[in-house]
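> coords please:
(chains A and B)
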There are 2 protein chains.
Amino acid sequence: MSQVANETAQVTRTLARFIVESRPGDIPDAVIHEAQRALLHWIGCSLGGSRHEALECALATFSEFSGPREAGIIGRKERVDILLAALMNGISGDALGFSDTHLKTVIHAGGVVGPAVLALAERTPVSGRDFLHAFLLGIEVACRVGLVVYPWHYARGWHITGTAGTFGAAAAAGKLLGLDEQRMTWALGIAATQAAGLREMFGTMCKNLHGGRAAQNGLSAALLAQKGFTSSNHALEAPRGFANVMGDAPNLAAITDGLGTTFEVSQNTYKPFPCGVVIHPVIDGCITLKAANSIAAADVRSVVLRVNPLVLELCGRKTPATTPEAKLSVYHSAAAALIKGRITEQEYAMSCVSDAEVVALRGKVVATTDAAIRGDEADVVIEFADGKSLHHHVDYAVGSTQRPMSDADIETKFRGLAASILPATAITQLIENCWNITKVGDAAVLAKLATARSI
Amino acid sequence: MSQVANETAQVTRTLARFIVESRPGDIPDAVIHEAQRALLHWIGCSLGGSRHEALECALATFSEFSGPREAGIIGRKERVDILLAALMNGISGDALGFSDTHLKTVIHAGGVVGPAVLALAERTPVSGRDFLHAFLLGIEVACRVGLVVYPWHYARGWHITGTAGTFGAAAAAGKLLGLDEQRMTWALGIAATQAAGLREMFGTMCKNLHGGRAAQNGLSAALLAQKGFTSSNHALEAPRGFANVMGDAPNLAAITDGLGTTFEVSQNTYKPFPCGVVIHPVIDGCITLKAANSIAAADVRSVVLRVNPLVLELCGRKTPATTPEAKLSVYHSAAAALIKGRITEQEYAMSCVSDAEVVALRGKVVATTDAAIRGDEADVVIEFADGKSLHHHVDYAVGSTQRPMSDADIETKFRGLAASILPATAITQLIENCWNITKVGDAAVLAKLATARSI
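Numbers count the residues shown, from 1 in each chain, chains lettered A, B, ... in the order given. Now for the predicted structure:
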């Protein structure tokens, strides 16, 4: 058997060994920094999602069955048992569709891995350094498992954040629990056999349940393995294991290639705007023009956009009537960006969607498609009634891999998501604790601050 | 669109409507009786599995996270919250590999549907008549959903009891909760998107976890739907729904064909012996000969078996050294049956596997294969040292579809499984309550008796 074949024949155990043997000191500084960004960004998204109807409904269902109330729910005052906290925080993590994205697999890892380790950290004290390390390893495992089965898996109809995410949550929780190699192997297996979530559920509350169950089932897997609950030792690679059942011609080498050397969290991207990602270049262009010029909507004769054909295919709604529709409208998004100078949840609230000035301006937006324009590119021309015009070409939109959001961008986004949820002091302290997490003595401070609800 | 296409385009809703509209009075008496057999048989199997290591380990893991301890664990004294009770009782249901089998799909439905409704019955009083009706409907749903995707689904590597079983538990729990058509549709969808379980886990504790999660997640689905938690309305039939993602060229008509007229519980079979089903005809023959004749093992010169080729392929171990190996040995099974006159768990205990008399007799067993012998058929000849011989031909083994276990057989099996777990009075009362369940005022009496542990 070749070296590669040997390795892929045992990838579950190889992955388990890596998780067990990895030490915080093994991780390059740049990777640590990216994990800190992912951590801050995740908590922000979860704060923003903490009033989502799926969370409210699940909490109303399960709260009465809670065990010892040892853990908090991000952005809320209620306390529940740690397994239920993982479920709730996993539901809010991507509730706004605004969370970190590993573009190679479209996995939103932060919001499923974070809840598993945060719940444990509330139960058993852990240093910020070890906490971030477990969080980072969980993201690594979720993304690598996703790479094994992507793209067939996603195309088939699996919600990959729910499926691969379960492995990530199990790995991160297992790391905090200090599982040995055999128990970590079992934890991955127990995760594999609970992996679930159908894309058919998109547009319903079940989409959010997937992230919640991934966090909760991953945490359960680690807790079960700790007690000696057995699974197959070949959950990933066996003929009837995860990769072959939920994948097709899976790439098992994605587990081992560069393991411990390259880190998938480095490939994480963050969405600056809470809407369809294909509209982002246009929004970027409009905000840039608005920031540099004095623009009165009444003076505008037309806004001429040149965009990738996918923009109109996915987000071509001319007269959106609801918030979800507005998030899929390049017309509304361009007009709101030019008037408000920003795009946040508030620019998709009904007060803005039905605002007379916005409605008037969006009627002047003309979009033409051009196959030569890339997906992360856009061209914006504003023509005024007096004949003057403004032009801006977005070569790479903010948030793209080529032009990632800066730390300051992520902070700004965090503040926007947290503003109506947490007191200002808690927001500032959370930001500071995330940037300094490796020096924090007890990571539970994150939960304490994120549930410090005085608004 | 043809009538059939119309129906299969809405099978999730059609199934939900059927569950909601079905009334106990709609069910034929023979089907009611079969459901009573399934009920008694399930509780017996769960009692027998109540000391299984998977249950012990899961209970040790999760007990500390239990919420209000409103429900019992079959065969045990501990009480836990209803969701955890569903998990635990779902783990024990098929822990011995001895439970009811819907041969067309190899689903063991009783042990995943029962725990969901029993837990609810402990919380909210329900008549035995309604309880049995919900139990029966849950089995119906699990088996019909299984038929949609079988055999591809199982061959691909899905543990169909875990996947299809989740729908059954959701349907039964939703029926007891009185969900309306929309909520029942959502419950089926929430079940669909949690359906999981890989056959790779067979031989490990995770195999039992599948039944537990099916029961627990199905119950959760019904509770969530009751609170208005939304899912797709087309969870079964959508292009990215359960049938197309976890099946291949699925047969959606299996949901609607004869719905409300034919009942899948009528296809349930029950295993008389706790070992590989292919050995059952030989055991049947040996027990029959032993019962009718005085046989001293020392006088036997040889035991000559003619069997289907599959018997030696699957169960050809000549000198088993462990309990699991003995369960896969036609040699041990024949010898033990001839000496003990029965085959129960005790005949596979190490005390019997290593018993000198059994070991000596199994050395005299000769098995020849004959492709003309069907799987449920066997021929047994015992030759004695004095030249005499005995012969018995088993045309259809007990427990086969053609020769189902009688009510008395099921009672005897139940007593054997319960003997070391419950006091004799509770055993007798449980049997009586199952046969008279439609007249029982409060179905929670089943849980009370099944947890009446005084041994």
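
> All the strands of the stretch 301-450 of chain A, residue numbers only.
Taking DSSP state E, counting those that start in this stretch as the test, the strands found in the stretch 301-450 of chain A are A:365-369, A:378-384, A:389-394.

> Ignore what I typed, I meant the stretch 1-150 of chain A.
Along the stretch 1-150 of chain A, the stretches classed as strands by DSSP E, counting those that start in this stretch are A:71-72, A:79-80, A:101-102.

> in chain A, which segments are predicted with low confidence?
For chain A, applying pLDDT under 70 flags the ranges A:1-8, A:454-455.

> domain assignment for it?
Structural domains assigned to chain A are A:3-270+A:408-450, A:277-394, following automatic domain parsing.

> how about chain A, which residue sits the furthest from its center?
Distance to the chain centre peaks in chain A at A:Asp386, reaching 44.4 Å (criterion: C-alpha atoms, centre = their mean).

> Please name the residues that touch that residue.
Neighbour list for A:Asp386: A:Asp299 [criterion: C-beta atoms under 8 Å, 6 or more residues apart in numbering or on different chains]. Just so you know, the C-beta spots here come from the backbone N, C-alpha and C atoms, and that holds for glycine as well.

> Tell me how far it lies from A:Asn293.
14 Å (C-beta to C-beta, to the nearest Å).

> A:Ala378 too?
Applying C-beta to C-beta to A:Ala378 and A:Asn293 gives a distance of 17 Å.

> Between the two, which is the more surrounded one?
Taking other C-beta atoms under 10 Å in any protein chain shown, A:Ala378 and A:Asn293 do not tie; A:Ala378 has more neighbours (30 against 11).

> I'd assumed A:Leu310 was in contact with the more buried one.
No: between A:Ala378 and A:Leu310 there is no contact under C-beta atoms under 8 Å: 11.6 Å.

> Ignoring the adjacent residues along the chain, who's closest to the residue of the stretch 201-350 of chain A at minimum distance from chain B?
In the stretch 201-350 of chain A, the residue found nearest to chain B is A:Arg240; the distance is 3.3 Å by C-beta to the nearest C-beta. Nearest non-adjacent residue to A:Arg240, counting by C-beta to C-beta, 6 or more residues apart in numbering or on different chains: B:Gly157, 3.3 Å away.

> Near that neighbour, how many residues? Count them for me, please.
19.

> Doesn't the residue of the stretch 201-350 of chain A closest to chain B belong to a helix?
No: counting by DSSP: H, G, I helix; E, B strand; the rest coil, A:Arg240 is located in no helix; its state is coil.

> residues contacting A:Ala60?
A:Ala60 neighbours (C-beta under 8 Å, 6+ apart): B:Lys227.

> My error: substitute A:Asn89 in the last question.
Contacts of A:Asn89 by C-beta under 8 Å, 6+ apart are A:Ser46, A:Ile73, A:Ile74, A:Gly111, A:Gly114, A:Pro115, A:Leu118, A:Ala119, A:Gly212, A:Ala215.

> Kindly report the same for A:Ser333.
Here A:Ser333 is in contact with A:Phe273, A:Cys275, A:Ile279, A:Val282, A:Ile283, A:Cys286, A:Cys315, A:Ala326, A:Lys327, A:Ile343, A:Glu347 (C-beta under 8 Å, 6+ apart).

> Sort out which one of those residues lies nearest B:Gly67 for me.
For B:Gly67, the nearest member of those is A:Lys327. The distance, counting by C-beta to C-beta, is 37.2 Å.

> What count of nearby residues applies to the residue nearest to the closest one when sequence neighbours are not counted?
Closest residue to A:Lys327 apart from its sequence neighbours, by C-beta to C-beta, 6+ apart: A:Cys275 at 4.1 Å. Close neighbours of A:Cys275, defined as other C-beta under 10 Å, add up to 26.

> cool, A:Val278 as well?
22.

> before we move on, back to that, out of the contacts of A:Asn89, who has the most neighbours?
Result: A:Ala215 is most packed of the contacts of A:Asn89 (other C-beta under 10 Å), 37 neighbours.

> any idea how far it is from A:Ala173?
9 Å.

> Check the contact lists of these two and give me the overlap.
A:Ala116.

> picking up where we left off before, contacting chain B as well, which ones from the contacts of A:Asn89?
Applying C-beta under 8 Å from any C-beta of the partner chain to the contacts of A:Asn89, one finds that nothing falls near chain B.

> Which ones among those residues map onto helices?
A:Ser46, A:Gly111, A:Gly114, A:Pro115, A:Leu118, A:Ala119, A:Gly212, A:Ala215 (DSSP state H).
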